[in-house]
Structures are given as structure tokens and as C-alpha cells.
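S.K.: For reference, the sequence and a predicted model appear below.
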Amino acid sequence: MATTKTTVKTAAKAPAKSTTKTKGTAASKTGKIENTEFHEFFVDELKDIYWAEKHLAKALPKMKKASTSPELASAFEKHTSETEQHISTLEQVFGLLEEKAAAKKCDAMAGLLEEADGIIADTDKGTMIRDAGLILAAQKVEHYEIATYGTLRVFAQNMGREDIADLLTQTLENEKATDEALTQIAVGAINAEAAAE
């Protein structure tokens with residue numbers, strides 16, 4: 001009888017062991033989930049932010065030119081070169097995923113940049129009201145990018161791609177720093193001067 005009990009116990013444990021093995025496979029730990037729907041969604045969202053960054057890089061010099069404050073103009077110039085770096089970082093991410101760097105129209109960024117154009121058109125040149133409006137438009141862009149990079153970083157972590165998550169974290173931190181710099185410029189003088197105009 002003791003032998004039968006041991007056999008039954010061993011047989012009962014066997015399925016549990018194989019189930020554990022399936023859950024913790026090397027493939028899931030390394031994030032090799034290419035060709036899954038989640039991977040495709042991740043790549044699609046990278047294409048979206050890639051388009052956004054490329055178009056922002058073209059819009060920032062126009063925002064710089066429209067600025068009244070030399071400090072704001074300088075911030076836009078600085079962010080133009082940072083945006084070029086963000087584009088390069090995304091190209092690195094595509095490379096790590098063995099995907100072609102391709103852009104897909106980002107409707108959100110298209111709308112935000114259209115709004116920035118509207119602010120330029122609706123405000124007088126050489127006024128702090130225009131600068132306050134440009135900061136508003138730029139911070140809307142930054143908040144969109146912060147939300148996007150924050151989420152993409154988490155996606156990469158869930159896919160086990162810490163290499164990609166690290167790159168996206170660098171960009172995320174840069175976007176947060178830009179947003180903070182714009183706030184400092186606004187509260188430093190521009191908003192008060194705009195209110196007085």
C-alpha cells in the first residue's frame with residue numbers, strides 16, 4: 001500500500017511541475033514575444049511617437065522665431081536639438097527590435113501643432129501674451145510626450161526589454177525636464193507681463 005501511495009503522490013506532483021515550467025519559460029523572461037499582438041501594438045505606438053517627434057522637430061524652429069522672450073527662444077532652440085536626439089533614440093529602439101524605423105501619422109501631435117500655429121496666428125508679434133500662449137502649446141506637447149514615453153517604457157518592461165526601457169526612460173526624463181524649464185520661464189516673468197499687457 002505504501003508503494004501505491006508514493007506512486008500516486010509522484011503522479012499528482014508531475015503536472016504541477018510542468019505547469020510551473022511553462023509559466024517561467026526563458027522566452028517569457030527575455031521578452032521574446034515578437035509576432036504577438038502586444039508586440040505589434042508596441043511597434044505601432046513607436047511609429048506614432050516617431051512621427052510626432054519628427055514633426056515637432058520641424059515646428060520648434062517656427063515657435064522659436066515667433067517668441068518674444070530671448071529666454072523662451074533659447075529654450076525652443078535647446079529642445080529642437082533634444083528632439084533630434086529623441087528621434088535618434090527611437091531609431092535605436094527600432095533597431096533593437098529589428099524593425100524598420102517608420103512613422104505613422106500621430107493625430108494627437110498633428111492637432112497640438114495645429115493649435116500652436118493657431119496661437120501664433122491669433123496673437124500679436126512681440127507680445128508676452130504670444131509667449132504665454134507658446135508656452136501653453138509647448139507644455140501640452142510635453143505632457144502628451146511624457147504620457148506616451150511613460151507608457152511605452154512600462155510596455156518595454158513588461159516585454160522583458162530593459163534595454164529598450166532604459167532608452168525610453170532617458171527620453172522621458174528629458175521631456176519632464178523640458179516641461180519644468182518651460183514652467184520656470186512662464187512663472188519667472190512671462191505670465192505676469194502677459195497679464196499686464
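M.R.: Received, thanks.
S.K.: Poorly predicted segments of the protein, please.
M.R.: Residues of the chain meeting the criterion pLDDT under 70: 1-35.
S.K.: and if we set it to 50?
M.R.: Within the chain, the segments meeting pLDDT under 50 span 1-32.
S.K.: Centre-most residue in it?
M.R.: With distances taken as Cα atoms, centre = their mean, Tyr149 lies nearest the centre of the chain, 2.2 Å away.
S.K.: List the buried residues in the host helix or strand of that residue.
M.R.: With elements delineated by DSSP states H and E, Tyr149 resides in helix 128-158, which encompasses its position. Going by neighbour count (16 or more other Cβ atoms under 10 Å), the buried part of helix 128-158 is 128-135, 137-142, 144-146, 148-149, 152-153, 155-157. The way it works is simple: take the backbone N, C-alpha and C, and place the C-beta from them, glycine included.
S.K.: how about the nearest residue to the residue nearest to the centre of the chain, chain neighbours excluded?
M.R.: Of all residues beyond its chain neighbours, the one nearest Tyr149 is Leu172 (4.0 Å), with distances taken as Cβ to Cβ, 6 or more residues apart in numbering.
S.K.: The residue nearest to the centre of the chain and Glu175 touch, don't they?
M.R.: Yes. Counting by Cβ atoms under 8 Å, a contact exists between Tyr149 and Glu175, whose distance comes to 6.2 Å.
S.K.: about what we covered before: ok, and what's touching the helix or strand in which the residue nearest to Tyr149 is found?
M.R.: Leu172 belongs to helix 162-185 when elements are defined using DSSP H and E. Contacts with helix 162-185, where a contact means Cβ atoms under 8 Å, 6 or more residues apart in numbering, come from 69, 71-72, 75, 79, 82, 85-86, 89-90, 92-93, 96-97, 135, 138-139, 142-143, 145-146, 149-150, 152-154, 156-157.
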